[in-house]
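Colleague: missing the sequence, but the structure's below:
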DNA sequence: TTGTATATTCGGCATATACCGAATATTCAG
DNA sequence: CTGAATATTCGGTATATGCCGAATATACAA
């Protein structure tokens, strides 16, 4: 019974997937998300098609409420798409976005901008206040505020660049990068 | 008493700084770090020179233990540098790294690679296992595993590119990016 | 509209985290 | 080596988080 038909050797496939799913959970954790969110994404990533909440509960052993909220956050970050199939009543189905470049791009657009906005607003306000004050301290602080403003302007340029490219363009760009394999210095 | 000497108008400067410091705390939170870490970095960012633990305690109102651990994590992520001034005994001083490009580069090198390694390892292992199995499931999973591997190869290219450039080069690159201001389509 | 299948929200429990202050460890001067 | 100054670690407490199951809300079918 050495496989070739879907049913046998299911264990092998399952353990292989499990390894990746766990890595996704760990990665999710690195980004401050819950492990459950990572695992559930992983399950969807390998699923044959869209899964319902109950199927996800079945395959993950998480409570339905946990799965539900996980789907909300995954949706928020563009990792899954929610779909309602016709004739299926209220039942919702979830499908993994497998193009991570597209996820990254959209996360950059929304979340990335949150940081930029938070900092930029504070920096502008501080710049205004400090501009009206004439102590040495104020001048020094102002300079440091301006340094950060410059940095964020540059960051925004990069974000604009990245969010302006399609996944294919990003992938192509990556392929174009030549990784100079640490040559011995070329000083004759 | 409308300022011009360091002591007066200290309030103005303090509130301006405070706004930025709070924004840093919020940003730290976004990255899954503690607010205290963000605030303490902010204090160092605006400080005239290196500060000791006790000075940081003084200026932040956090307990010394809190400041100590915060300094450890800030150091870990290259946001501050610890220095021991000669003749100052055991006393340590902390100075903010103000070049955020350099911070970003070093964080990418260390932390960024953690994600890449975690995923890459799992993907390779899964690839091996799935390669030895011949079910339809295995073939499908294998394909999806390979997609992720391709993505991570590309990510590594970008990381290599970014970590290979100096802050000046990165800044210059940013300035070079033309932010096409959404032109009306150029189809004649 | 009502009933039914489904999704979301809420309260609670267990665990994890942030911070503090006290206890311990470390460094340097002498 | 000892002592004084400093840093780090540890245990405790209050708060936050992750997850569950029950209660509630919602959407669709008839």
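Modeller: Everything's here; your move. All of these numbers come straight from a predicted model, not from anything done at the bench. Numbering: from 1, shown residues only, chains lettered A, B, ... in the order given.
Colleague: the longest helix seen in chain A - contacts with which helices or strands?
Modeller: If you go by DSSP state H, chain A has its longest helix at helix A:136-163. If you count contacts as 3 or more Cβ pairs under 8 Å, 6 or more residues apart in numbering or on different chains; DSSP states H and E, helix A:136-163 packs onto helix A:100-107, helix A:113-131, helix B:10-30, helix B:35-46, helix B:100-107, helix B:167-176. (C-beta placed from N, C-alpha, C; glycine too.)
Colleague: which one of the ones you listed is the most hemmed in?
Modeller: Among those, helix B:35-46 has the highest mean neighbour count (mean count of other Cβ atoms under 10 Å in any protein chain shown), at a mean of 23.
Colleague: chain center to it, what's the gap?
Modeller: 13 Å (Cα atoms, centre = their mean, to the nearest Å).
Colleague: which residues are contacting that helix?
Modeller: Contacts to helix B:35-46, defined as Cβ atoms under 8 Å, 6 or more residues apart in numbering or on different chains, come from residues A:141, A:144, B:17, B:20-22, B:24-29, B:51, B:56, B:59-60, B:62, B:66-67, B:70-71, B:73-74, B:79-80, B:94-96, B:98.
Colleague: and what of stretch A:62-78?
Modeller: For stretch A:62-78, with Cβ under 8 Å, 6+ apart as the criterion, the contacting residues are A:33-34, A:36-37, A:39-41, A:44, A:53-54, A:56-57, A:60, A:80-82, A:92, A:94, A:97, A:102-103, A:106-107, A:111.
Colleague: mind listing what's buried along that stretch?
Modeller: Within stretch A:62-78, the residues that count as buried by 16 or more other Cβ atoms under 10 Å in any protein chain shown are A:62, A:66-67, A:70-71, A:73-74, A:77-78.
Colleague: out of the residues you listed, name the ones that lie in helices.
Modeller: A:66-67, A:70-71, A:73-74.
Colleague: which one among the residues you listed gets closest to residue A:165?
Modeller: Checking these against residue A:165 by Cβ to Cβ gives residue A:74 as the nearest, at 23.7 Å.
Colleague: what about residue A:179, which SS state?
Modeller: coil (DSSP: H, G, I helix; E, B strand; the rest coil).
Colleague: run a quick neighbour tally on it.
Modeller: 10 (other Cβ atoms under 10 Å in any protein chain shown).
Colleague: and chain A, what are its domains?
Modeller: A:12-96, A:100-169 (automatic domain parsing).
Colleague: relative to DNA strand C, which of the ones in helices among the buried residues of stretch A:62-78 is nearest.
Modeller: Minimum separation from DNA strand C among those (Cβ to the nearest atom of the strand) is found for residue A:71, which lies at 5.8 Å.
Colleague: how about the residue nearest to the spatial centre of chain A, nearest residue that isn't a chain neighbour?
Modeller: For chain A, the residue nearest the mean C-alpha position is residue A:104 (5.0 Å; Cα atoms, centre = their mean). Of all residues not flanking residue A:104 in the chain, residue A:162 sits nearest, at 7.8 Å (Cβ to Cβ, 6 or more residues apart in numbering or on different chains).
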